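Colleague: Requesting a structural model of the entry that follows:
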Amino acid sequence: MSRAIKFRVWDKDGKLIGVNRFEKGRWQCQMLQEAGGSGEWSNGVLHGQTMDQFTGLHDTNDQEIYEADVVNVYDTPETPEARDFDESLVVEFREGQWWWGNGGNAEPLYDISPEYMQIIGNVHGDRDLPKSAEASR
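Modeller: Below you'll find the predicted structure:
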């Protein structure tokens with residue numbers, strides 16, 4: 001099974017405006033209703049200030065993990081209330097692979113099982129990030 005090719009699209013104010021995907025040999029886009037679109041998929045590519053690529057992974061709540069997401073990484077895959085918090089770190093793509101980290105202190109994203117990760121925000125739309133995530137902006 002191959003990874004879906006998708007990108008979230010953000011405007012200059014850090015608001016999510018839609019999604020682009022490559023499916024069945026063509027690009028499609030979906031502009032969100034909150035951003036003035038119909039919410040329906042159509043042919044073409046949506047342009048914005050920033051685009052974040054889908055990693056192919058889902059977190060413990062089955063949310064898609066994208067580049068620039070801030071994730072909490074836990075020691076155990078128990079319910080979120082019982083977890084011991086480790087760190088909040090940013091997902092990024094560099095050196096040909098996905099990483100989660102904070103600047104020079106990063107680890108390959110695929111070394112961690114998704115049930116140990118929970119998305120808590122992203123660097124574009126969230127202004128109140130934990131200090132460890134702020135450092136990697």
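Colleague: Pull the residues that contact the helix or strand hosting Met51.
Modeller: Assessed by DSSP states H and E, Met51 sits inside strand 50-58. Outside strand 50-58, the residues that touch it by CB atoms under 8 Å, 6 or more residues apart in numbering are 3-10, 20, 64-69, 91, 93, 98, 109-110, 114, 117, 122, 124. No exception for glycine: its C-beta is placed from N, CA and C like everyone else's.
Colleague: Repeat that for stretch 91-102.
Modeller: 53, 55, 57, 65-71, 73, 87, 89-90, 106-110, 112, 117, 132-133, 135-136.
Colleague: May I see the PyMOL selection of the buried members of the residues you listed?
Modeller: Filtering those down to the buried ones (16 or more other CB atoms under 10 Å) takes a single PyMOL command:
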select buried, resi 53+55+57+65+66+67+68+69+70+71+73+89+90+106+109+117+132+133+136
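Colleague: So which of the contacts of stretch 91-102 belong to strands?
Modeller: 53, 55, 57, 65-66, 69-71, 73, 87, 89-90, 106-108, 117 (DSSP state E).
Colleague: Could you list the low-confidence segments of the chain?
Modeller: 1-2, 75-87, 102-105, 126-137 (pLDDT under 70).
Colleague: so what are the domain limits for it?
Modeller: 5-43, 52-134 (automatic domain parsing).
Colleague: Which helix or which strand is home to Gly101?
Modeller: strand 97-102.
Colleague: Between strand 69-74 and that strand, find me the angle.
Modeller: 70 degrees (axes from the mean of the first three to the mean of the last three CA atoms, to 10 degrees).
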